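Undergrad: below is the sequence, then the predicted model.
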Amino acid sequence: MWQLVERRRRRFIGTLITAAVLMFVGASAIGQIFGDRYGMITLLVVLIGALLFIWRDWRCPACQKGLGVEFRPRVCPNCGARLAPPGS
Ligand SMILES: [Zn+2]
């Protein structure tokens, strides 16, 4: 069970980093080329896209309920499934 959460957490972090890079690099580049309004739109689209992806993906593998903002949950707050590696 926890291996799945571990993999999802890595994807979670990857999404956050990708989104942050896209927001800073992409949005400012687009803002410079096409104007500030398009930069803002890019920023919003990336932010919403990343949040949606995390919201859909960051779930307990046992009960499929969201894990909230807890980054390293030891147990699922909904069903109590163990989500941390044994011995941690
Ligand atoms: Zn659960």
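TA: Looks like it came in fine.

Undergrad: pLDDT averaged over the helix or strand hosting residue 6 - what is it?
TA: Using DSSP states H and E, residue 6 sits within helix 2-21. The average pLDDT within helix 2-21 is 93.

Undergrad: just checking, what's the longest helix in this structure?
TA: Using DSSP state H, we find that the single longest helix of the chain is helix 36-57.

Undergrad: how far out from the middle of the chain is that helix?
TA: Centroid separation for helix 36-57 versus its chain: 11 Å, with Cα atoms, centre = their mean, to the nearest Å.

Undergrad: hmm, who's touching the helix holding residue 6?
TA: 46-47, 49-50, 53-54, 57-61, 71-73, 82-86 (Cβ atoms under 8 Å, 6 or more residues apart in numbering). All C-beta spots, glycine's among them, are computed from the backbone N, C-alpha and C.

Undergrad: apply 10 Å and report the result again.
TA: Helix 2-21 is contacted from outside by 26, 43, 46-51, 53-54, 57-62, 67, 71-74, 76, 81-86, 88, using Cβ atoms under 10 Å, 6 or more residues apart in numbering.

Undergrad: circling back to that earlier point, with just CA atoms, put the longest helix of the chain into CSV.
TA: Coordinates of the C-alpha atoms in helix 36-57 are reproduced here as CSV (Å, rounded to 0.1, in the frame of the first residue of the first chain):
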residue,chain,number,x,y,z
ASP,A,36,1.1,40.7,-19.4
ARG,A,37,-2.5,39.6,-19.8
TYR,A,38,-1.4,36.3,-21.5
GLY,A,39,1.2,35.8,-18.9
MET,A,40,-1.4,36.0,-16.2
ILE,A,41,-3.7,33.6,-18.1
THR,A,42,-0.8,31.1,-18.4
LEU,A,43,-0.1,31.5,-14.7
LEU,A,44,-3.7,30.7,-13.9
VAL,A,45,-4.0,27.8,-16.3
VAL,A,46,-0.8,26.2,-15.0
LEU,A,47,-1.9,26.7,-11.4
ILE,A,48,-5.4,25.3,-11.9
GLY,A,49,-4.1,22.5,-14.0
ALA,A,50,-1.5,21.5,-11.3
LEU,A,51,-4.1,21.8,-8.5
LEU,A,52,-6.6,19.6,-10.4
PHE,A,53,-4.0,17.0,-11.2
ILE,A,54,-2.8,16.9,-7.5
TRP,A,55,-6.4,16.8,-6.3
ARG,A,56,-7.2,13.9,-8.6
ASP,A,57,-4.0,12.0,-7.9
